[in-house]
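> sequence? don't have it. structure:
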């Protein structure tokens, strides 16, 4: 009885030892693989960081006094986070209401900075429009009034455009007409800027605040619209 039990225990012990040996071998292989992977991960990470730094250096050659985030493209188009009424450009675009009466967000900020004369100028512009309101995608221009004096900036003109309004119908999604209307905001504003010999203009993210247009889609459409306009008007330089 004792010999059988002893023999049985030896067999179990031997099997357990073999299993441990296998586990150790597998763990050792795994450690080597992980070690090899790590030796490649670090250089690749450093290369990636270096590439990003180089891109940023090439893209951000322009000096800026504010803490703007600037990403430059092949054209003179850039995206930045800043206060639109404090920019050194000749013209800024206002995401206006159809009634031209001012409001919240960018519209309110621009009206506040430009003063009461802007509201009167908007009323005068509305009188020229048969519908009594600015249609979606259309654009008109006014003087910048107190805005240029208040901040001592170069802004001389304000171009007003009405973006598509998705407020209350977000669940239905963005239609093709909405997309085209948004692109028209940028194209018509640039046409107006060209007519007035304006070579520097800054746009807000039209329709993305109160009008609930999806931000990512609005960004793609705005860049597409601006680049399409620049390609068609390649003789006209925008700074």
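That came in fine, so what should we check first? As the structure is a computational prediction, the values presented were derived from the model and not from experiment. Residues are numbered from 1 along each chain as shown.
> What are the buried residues along stretch 173-187?
174, 178, 179, 181, 182, 183, 184, 185, 186, 187 (16 or more other CB atoms under 10 Å). C-beta: built from backbone N, CA, C; applies to glycine.
> do the same with stretch 191-206
Buried-residue list, stretch 191-206, by 16+ other CB under 10 Å: 192, 193, 198, 200, 201, 202, 203, 204, 205, 206.
> again, but for stretch 108-128
For stretch 108-128, by 16+ other CB under 10 Å, it's 109, 110, 111, 113, 114, 118, 119, 121, 122, 126.
> hang on, the earlier thing: closest to residue 218 among the buried residues of stretch 191-206?
residue 205 (6.0 Å; CB to CB).
> so where does the closest one fall, helix or strand?
Secondary structure assigned from DSSP states H and E places residue 205 in neither a helix nor a strand.
> same check, this time on residue 112
Using DSSP H and E, residue 112 falls in helix 105-114.
> any idea where the strands of the protein begin and end?
71-72, 78-79, 91-95, 139-143, 157-161, 201-202 (DSSP state E).
> between those strands, which one is nearest to residue 169?
The nearest among the strands of the chain, by CB to CB, is strand 91-95 at 18.3 Å.
> on contacts alone, who are the packing partners of the closest one?
Strand 91-95 sits against helix 105-114, strand 157-161, strand 201-202, with contacts defined as 3 or more CB pairs under 8 Å, 6 or more residues apart in numbering; DSSP states H and E.
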